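Participant: Here is my input; please provide its structure:
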Amino acid sequence: MRIALVHYWLVGMRGGERVLEALCELYPQADVFTHVYEPSAISEKIRSHRVRTTFIQKLPFATKLYKQYLPLMPCALEQLDLHDYDLVISSESGPAKGIIVRPDAAHICYCHSPMRYIWDMYSGYLGGKGLVTKAAMRAAFHYMRIWDVTSATRVDRFIANSSYTAARIRKYWRREASVVPPPVEIQRFEASSGDEGYYLWLGQLVQYKRPDIAVRAFNASGRRLVVVGKGEELSRMRKMASGNIRFEEKADDSTVKRLLEGCRALVFPGVEDFGIAPIEAMASGKPVVAFRRGGALDLIVERKNGIFFDEQTPEALNEAIDDIEADRSWIEPEAIRSDLKKFSPEQFKRRIEEIVDETIGA
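Facilitator: Numbering: from 1, shown residues only. All right, here's what the predicted structure looks like:
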């Protein structure tokens, strides 16, 4: 069986690329297709496969400005010749599922998120843009919504990374999805009882992850916060933060492991489709303070491995942290780590194989 893996873009190693990496391990014979490819930013496991790109790769400064070419990506996907492949697995967060396969081939889509910027977070992405940019985005995204819904009908089977993503697939595409959490390398972490008194924010510094809520909350409380990550919000967060907040741009594995082992808890104020950082925190025996919405609802059992707050405000976050400060008796590192096998790479691969077999009728 000839297999193709289609991923939106390959310019760094984040959660979506870890899923692709696991798929590459599961199907070592597969070819990889993507819009834009920067080999130096991608793992050896993915680079070991034959990687082909769409015409987006040939456009000026494509590896840096790929998001500017978003309106061209539907057309680029439809020009890929996948006639030789019996199974295509698309990895969807940006445009990836809109490929055209032959009638007797199977197309399975693993969806990290329907494109946020054209659906539920559309207004937020428009905010702060100039009049000309807004007008262009409105026109382009209107067309992309039509294409996005139409291309969803080409998929034989959807897999979602969380119940929240499955609900968004149902809302925007009117399709049902099986839920398979993405693989997290929980074996890299150990349950730690260390507590150096700081809280941790971990992730890419982008608006929808709401690092501003964490920074404002810790500005007000004076408690120590370490912010780990880079992104478009980094400069603004630095200017906003008071002296009790430290920034760590270096987010390599050893730094993340060390900071997780020493923190009191992870703060998770955004609405995310899944959330790998909370799993890594739990694997380190640390509780998570999360906004009660999104993928966090699949992960957190209150006062077993974390607590929720119900309003996306600095005040609500601080109230939840006050609760942890007042009573930490329920925080048991080994108990927090105990129920994470369902997020292992082995479990992910087993579930994908089962769904593939069901879909192709093996």
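Participant: And for the longest helix anywhere in the chain, what's in contact with it?
Facilitator: Using DSSP state H to define each element, the chain has its longest helix at helix 131-152. With C-beta atoms under 8 Å, 6 or more residues apart in numbering as the test, helix 131-152 has contacts from 70-71, 74, 95, 97-98, 114-115, 117-119, 122, 125-126, 129, 158, 169, 172-175. Just so you know, the C-beta spots here come from the backbone N, C-alpha and C atoms, and that holds for glycine as well.
Participant: Can you flag the buried ones in those?
Facilitator: 70-71, 74, 95, 97-98, 114-115, 117-119, 125, 158, 169, 172-173, 175 (16 or more other C-beta atoms under 10 Å).
Participant: I'd like the list of the contacts of helix 131-152 that fall within helices, please.
Facilitator: Filtering the contacts of helix 131-152 for helices - DSSP H - leaves 74, 122, 125, 126, 169, 172, 173.
Participant: show me what contacts the third one?
Facilitator: In other words, residue 125. By C-beta under 8 Å, 6+ apart, the contact list for residue 125 reads 116, 117, 137.
Participant: again, 6 Å this time
Facilitator: Listed by C-beta atoms under 6 Å, 6 or more residues apart in numbering, the contact set of residue 125 reads residue 117.
Participant: How confident was the prediction at it?
Facilitator: For residue 125, the pLDDT comes out at 72.
Participant: end-to-end on stretch 294-310?
Facilitator: 12 Å (C-alpha to C-alpha, to the nearest Å).
Participant: Could you pull up the mean pLDDT of that stretch?
Facilitator: On average, the pLDDT along stretch 294-310 is 95.
Participant: Tell me the buried residues in that stretch?
Facilitator: Neighbour-count burial for stretch 294-310 flags 294, 295, 296, 298, 299, 300, 304, 305, 306, 307, 308, 309 (criterion: 16+ other C-beta under 10 Å).
Participant: Reformat these as JSON lines; add secondary structure and distance to residue 197.
Facilitator: Supplementary listing: those in JSON lines, determined by DSSP: H, G, I helix; E, B strand; the rest coil; distance: C-beta to C-beta, whole Å:
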{"residue": "294", "secondary structure": "coil", "distance to residue 197": "28"}
{"residue": "295", "secondary structure": "coil", "distance to residue 197": "28"}
{"residue": "296", "secondary structure": "helix", "distance to residue 197": "24"}
{"residue": "298", "secondary structure": "helix", "distance to residue 197": "30"}
{"residue": "299", "secondary structure": "helix", "distance to residue 197": "25"}
{"residue": "300", "secondary structure": "coil", "distance to residue 197": "23"}
{"residue": "304", "secondary structure": "coil", "distance to residue 197": "23"}
{"residue": "305", "secondary structure": "coil", "distance to residue 197": "20"}
{"residue": "306", "secondary structure": "strand", "distance to residue 197": "18"}
{"residue": "307", "secondary structure": "strand", "distance to residue 197": "18"}
{"residue": "308", "secondary structure": "strand", "distance to residue 197": "23"}
{"residue": "309", "secondary structure": "strand", "distance to residue 197": "21"}
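Participant: now for those residues, which pair is the farthest apart?
Facilitator: Spanning the widest gap among these are 294 and 304, at 18.8 Å by C-beta to C-beta.
Participant: Sketch out the strands for this protein, chain order is fine.
Facilitator: 3-7, 31-34, 51-53, 87-92, 106-111, 157-160, 177-179, 199-202, 225-228, 245-248, 265-268, 288-291, 306-309 (DSSP state E).
Participant: Centre of the chain to the first one, how far?
Facilitator: So the one you mean is strand 3-7. Remark: strand 3-7 is offset 18 Å from the chain centroid, using C-alpha atoms, centre = their mean, to the nearest Å.
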